[in-house]
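**Student:** fold the following and give me the result.
(chains A, B and C)
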Amino acid sequence: MAYVDIVTILAVFQFIVFGFKVGRARGLYGVHAPATTGNEIFERYFRVQQNTLEQLLGLVPGLYLFSHYWSPLVAAGLGVVYLIGREIYAATYVKDPAKRSLGFGLTFLPVVILLLGALFGAVRTTF
Amino acid sequence: MAYVDIVTILAVFQFIVFGFKVGRARGLYGVHAPATTGNEIFERYFRVQQNTLEQLLGLVPGLYLFSHYWSPLVAAGLGVVYLIGREIYAATYVKDPAKRSLGFGLTFLPVVILLLGALFGAVRTTF
Amino acid sequence: MAYVDIVTILAVFQFIVFGFKVGRARGLYGVHAPATTGNEIFERYFRVQQNTLEQLLGLVPGLYLFSHYWSPLVAAGLGVVYLIGREIYAATYVKDPAKRSLGFGLTFLPVVILLLGALFGAVRTTF
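**Tutor:** This is a model prediction of the structure:
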């Protein structure tokens, strides 16, 4: 399970780093709290962080449940794809939001595989 | 525990579907990323997803902790009420945000019962 | 582990209370759903809740993983610092967003200690 723990912690730290970039963008583009709009570039950094938050909510249960019903190693491997996909997502979104699809897919797909695998495992165990 | 796992995964998938509806509403109402405002109907879809995210943060720990201290079957049953309540919430909110109370109550109540039950169980175990 | 469960549930209830304050601020300052902007004081309550959501995503895995690799009691203690720090954060942010640093630090620091401790424990176990 320790592999899965490491990937989970790295995913949370990645999210924290995206949060710091939002904070830095507040200063750079003059968007003062509590505002979250007013500058297009700031809003891109903000949406990267918010979307990552949404994906984390699927990733973490997916990692542990897939790990429980199938394999911690495969779960951790899918988590690594997620981590790389999120970096691509963040880098492309900030440059041009219209180009965020590849990075989004590379994080969404592992999350869906983890969740569907876990669902299949849980249903098979129950019935 | 597998019942609880199934409900958790379904709740995450429900959230993902709400996210897709936000994406579709972007196209339908011309709200381009990174914006999250500008069209009232889009904003309703967006708030449904965001509020669901907030509720998931209470549901998932509630399900597992209630399950641990009391009964996985009762936890899963309350989770099913949550799933139905969220569908009512989403459907009514998009039509008229002022009518979101019933659906909100039907998800908020099971979450609070799960958390209070778990708190009572944990306190009783400790002292 | 029951200490950690109690702190987790209290952190979720704290988040729920912040959510209720957002609802109350909607009424007080005339910001009707689905809007989340339009009044500076409302936006402060809203950002307090949103930022707490972001921190919860690090706190909960941090609590359980630190607890697993090191000590549930130390984890719960750091969680108590988090709970107090969040109250300071909320109180100061609503008065003046520029003064939110102390409360932010008092919640961010315990979360980072929990996560780094857990990461160190997990890496040591694996290799």
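
**Student:** packing partners for the lengthiest helix in chain A?
**Tutor:** As assigned by DSSP state H, the longest helix anywhere in chain A is helix A:40-69. Applying 3 or more C-beta pairs under 8 Å, 6 or more residues apart in numbering or on different chains; DSSP states H and E, one finds that helix A:40-69 contacts helix A:2-29, helix A:72-95, helix A:101-126, helix B:2-29, helix B:40-69, helix C:40-69. Bear in mind the C-beta positions are built from the backbone N, C-alpha and C, glycine included.

**Student:** going by neighbour count, which residues of that helix are buried?
**Tutor:** For helix A:40-69, the neighbour count (16 or more other C-beta atoms under 10 Å in any protein chain shown) marks A:42-69 as buried.

**Student:** tilt between that helix and helix C:40-69?
**Tutor:** 30 degrees (axes from the mean of the first three to the mean of the last three C-alpha atoms, to 10 degrees).

**Student:** hang on, the earlier thing: mind checking the helices and strands packed on helix A:40-69 for the one nearest to residue C:3?
**Tutor:** Taking C-beta to C-beta, helix C:40-69 is the member of those nearest to residue C:3, at 8.5 Å.

**Student:** against residue A:37, how distant is the residue lying closest to residue A:5 once chain neighbours are set aside?
**Tutor:** Residue nearest to residue A:5 in three dimensions, not counting chain neighbours: residue C:122, with 4.2 Å by C-beta to C-beta, 6 or more residues apart in numbering or on different chains. The gap separating residue C:122 from residue A:37 is 39 Å, by C-beta to C-beta, to the nearest Å.

**Student:** number of residues surrounding residue A:33?
**Tutor:** Residue neighbour count, defined by other C-beta atoms under 10 Å in any protein chain shown, stands at 15 for residue A:33.

**Student:** again with residue A:103
**Tutor:** Using other C-beta under 10 Å, residue A:103 has 21 neighbouring residues.

**Student:** quick one: end-to-end distance for stretch A:28-47.
**Tutor:** 16 Å (C-alpha to C-alpha, to the nearest Å).

**Student:** so what touches it?
**Tutor:** Stretch A:28-47 is contacted by residues A:18, A:21-22, A:25-26, A:93-94, A:97, B:33-37, C:37, C:40, C:43-44, C:46-47, C:93, C:97-98, C:100 when judged by C-beta atoms under 8 Å, 6 or more residues apart in numbering or on different chains.
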